[in-house]
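Colleague: starting from these lines, generate the structure:
(4 chains)
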Number of protein chains: 2
Amino acid sequence: MRKSAELRKAEIVATVLDLADRIGPDRVTTGAVASQIGVTQAALFRHFPTKAALWQAVAEHVAEGLATAWEDALRLGDTPIVRLRALISAQFAQIAATPALPMLLFSRELNVTNAKLRATFHGRLTTFHGLLAMEVGAGQNIGALRGDIAANDAAALLTSLVQGVAIRWALGARDFDLRAEGLRLFDAQCRLLAAEGE
Amino acid sequence: MRKSAELRKAEIVATVLDLADRIGPDRVTTGAVASQIGVTQAALFRHFPTKAALWQAVAEHVAEGLATAWEDALRLGDTPIVRLRALISAQFAQIAATPALPMLLFSRELNVTNAKLRATFHGRLTTFHGLLAMEVGAGQNIGALRGDIAANDAAALLTSLVQGVAIRWALGARDFDLRAEGLRLFDAQCRLLAAEGE
DNA sequence: CGTTAGTTAGTGAGTAGTCACAAACATATT
DNA sequence: AATATGTTTGTGACTACTCACTAACTAACG
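Modeller: Predicted coordinates:
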């Protein structure tokens, strides 16, 4: 079946993410992608010059999703703590929607083959940390969060929390609700971080 | 150069870990290992029947190192908090000594090809979490740690801390001292977890 | 001399990427 | 409306290469 290049490209990107989740990012071969879509392997190279370019398109798709999710989270919250929670929640939602993401971070494709890919994702992680640190600082300024910890350190604890829960979810049997469990732990950590006379 | 099978096996395992760190676990081919050692590729199969068996030996080597490091940490500390800190410190030391470890957890070899390998590492992670939870519970019992958080949740926050810092170290340029930075954050988290009237 | 670590030379199963060609589609001209 | 012309999307056969693994043979060591 013949499709427009735009549609086909999107279909290929979606299929790569699907396969990356099901068989692992480094097992995603051009042949596997093609046969899942129902075209020949050679057809992929009509749309992407190399496999690396294909992965780059996937990375940009994912990065875009993260960016808009964070934007929404920040826009909808009215206090630092609410915005913090919304950011964490959005992050978990994105990971659950793109379950290949944690593994992608450690894939051969990202860490060895494709330096540009690596830069893309590393930049996103830094951005997320920065957003968290900013909200933590704001929370400390209005007296809602303890001041005896650097905002950057608190943000590091929170990003670690996200990564830790995501790892447990990804490496395990995925037998719990990622976002619910993550937010439960976030709330626990938040109680530890809350200013005492509250 | 001819070596005894025992020595050669150890050399192969060490080389796999070295290469896994430098070029990524999934790029470790039998050919690459052999040429780094200075033997032919076929020689490896004199010592290990399959590549999966080779990885299994690597996993057992690493798991053994972790187990003894934890044992030492528990033996040398005399209070729960000191033991907690020693456990965390030992974990960071092991990761720094085996820098391929974080990536190994997400490698294709471990997650797709080799189910036994996966079970080995997953069991170790669970054990570590259990040890942390036990010490946290002990710390709460003697009143050194806040009681308003479940010991299991506190342990989850601490394992996440380890994983988060290790990820930042592994994916980044490794431009900081893993153990020092990890312990700094542990101390910060410990202050949050400490009982207030202390 | 017998055992064992090692070599040389190969196999079969993948892998990304190429190439000549065909069918579907779009558009301009008659 | 009908046709001619060029473009886009896809095919099937192929190349060059890498991988784990094997079989037959060789040389070192006790």
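Colleague: ok, the residue nearest to A:F45 when sequence neighbours are not counted to A:I12 distance?
Modeller: Ranked by Cβ to Cβ, 6 or more residues apart in numbering or on different chains and with sequence neighbours excluded, the top spatial neighbour of A:F45 is A:T30, at 7.7 Å. C-beta here means a position set from N, CA and C on the backbone, and glycine is covered the same way. According to Cβ to Cβ, to the nearest Å, A:T30 stands 10 Å off from A:I12.
Colleague: quickly list what's touching both of those two.
Modeller: Here A:T30 and A:I12 have A:L44, A:L54 as joint contacts, going by Cβ atoms under 8 Å, 6 or more residues apart in numbering or on different chains.
Colleague: follow-up on the earlier one: the residue nearest to A:F45 - how many residues pack around it?
Modeller: 18 (other Cβ atoms under 10 Å in any protein chain shown).
Colleague: now A:A73
Modeller: Residues lying near A:A73 (other Cβ under 10 Å) number 22.
Colleague: what sits against it?
Modeller: A:R83, A:A86, A:L87, A:S89, A:A90.
Colleague: so A:V136 sits against A:P80, correct?
Modeller: Yes. Look at A:V136 against A:P80 with Cβ atoms under 8 Å: they come within range, at 7.3 Å.
Colleague: between these two, who's got more neighbours?
Modeller: Neighbours per residue (other Cβ under 10 Å) separate A:V136 from A:P80, with A:V136 holding more: 26 against 19.
Colleague: can you name the next helix or strand after the worst-scoring helix or strand of chain A on mean pLDDT?
Modeller: Lowest mean confidence among the helices and strands of chain A (mean pLDDT, DSSP states H and E): helix A:108, at a mean of 79. The element immediately downstream of helix A:108 (helix or strand, assigned by DSSP states H and E) is helix A:115-141.
Colleague: close to DNA strand C, is that following helix?
Modeller: No. Helix A:115-141 does not reach DNA strand C (Cβ under 7 Å from any atom of the strand); its nearest approach is 13.7 Å.
Colleague: and the next helix or strand past that helix?
Modeller: helix A:151-171.
Colleague: got the angle for that next one vs helix A:115-141?
Modeller: Here helix A:151-171 runs at an angle of 130 degrees relative to helix A:115-141 (axes from the mean of the first three to the mean of the last three Cα atoms, to 10 degrees).
Colleague: going on from helix A:151-171, what's the next piece of helix or strand?
Modeller: Next along from helix A:151-171, by DSSP H and E: helix A:178-193.
Colleague: which residues sit against that next one?
Modeller: Taking Cβ under 8 Å, 6+ apart as the rule, helix A:178-193 contacts A:81, A:84-85, A:88-89, A:92-93, A:95-96, A:136, A:145-146, A:149, A:154, A:157-158, A:161-162, A:165-166, A:169, B:146, B:148-150, B:153-154, B:156-157, B:160, B:189, B:192-193.
Colleague: for ChimeraX, what selects the buried ones among those residues?
Modeller: Those of the contacts of helix A:178-193 that count as buried under 16 or more other Cβ atoms under 10 Å in any protein chain shown are selected in ChimeraX with:
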select /A:81,84,85,88,89,92,93,95,96,136,145,146,149,154,157,158,161,162,165,166,169 /B:146,149,153,154,156,157,160,189,192,193
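Colleague: overlap in contacts, A:V136 and A:P80.
Modeller: Joint contacts of A:V136 and A:P80 (Cβ under 8 Å, 6+ apart) are A:L145.
Colleague: so A:A133 is in contact with A:I149, correct?
Modeller: No. Contact between A:A133 and A:I149 fails when scored by Cβ under 8 Å: they sit 11.4 Å apart.
Colleague: does the helix or strand hosting A:I12 reach DNA strand C?
Modeller: Using DSSP H and E, A:I12 maps to helix A:5-23. No. Judged by Cβ under 7 Å from any atom of the strand, helix A:5-23 stays clear of DNA strand C, getting no closer than 9.6 Å.
Colleague: quick check: angle from that helix to helix A:151-171?
Modeller: 80 degrees.
Colleague: what lies in contact with the helix or strand following helix A:5-23?
Modeller: Sequence-wise, the next helix or strand downstream of helix A:5-23 (DSSP H and E) is helix A:30-37. Identification of contacts with helix A:30-37 by Cβ under 8 Å, 6+ apart yields A:11-12, A:15-16, A:18-19, A:23, A:40-45, A:51, A:54.
Colleague: among the residues you listed, who's most crowded?
Modeller: A:V16 (25 neighbours).
Colleague: ok, that one - contacts?
Modeller: If you count contacts by Cβ under 8 Å, 6+ apart, then A:V16 has A:V28, A:V33, A:L54, A:W55, A:V58 around it.
Colleague: relative to chain B, how far out is the second one?
Modeller: With the distance defined as Cβ to the nearest Cβ, to the nearest Å, A:V33 ends up 16 Å from chain B.
Colleague: and the pLDDT at that residue?
Modeller: pLDDT recorded at A:V33 is 96.
Colleague: and for it, the neighbour number?
Modeller: Residues near A:V33, counting by other Cβ under 10 Å: 23.
Colleague: list the residues that contact the residue nearest the centre of chain A.
Modeller: Centroid-nearest residue in chain A, with Cα atoms, centre = their mean: A:I95, separated by 5.0 Å. By Cβ under 8 Å, 6+ apart, the contact set of A:I95 is A:L101, A:P102, A:V162, A:A166, A:W169, A:L178.
Colleague: next: A:F92.
Modeller: A:F92 neighbours (Cβ under 8 Å, 6+ apart): A:V162, A:V165, A:A166, A:L178, A:R179, A:G182, A:L183.
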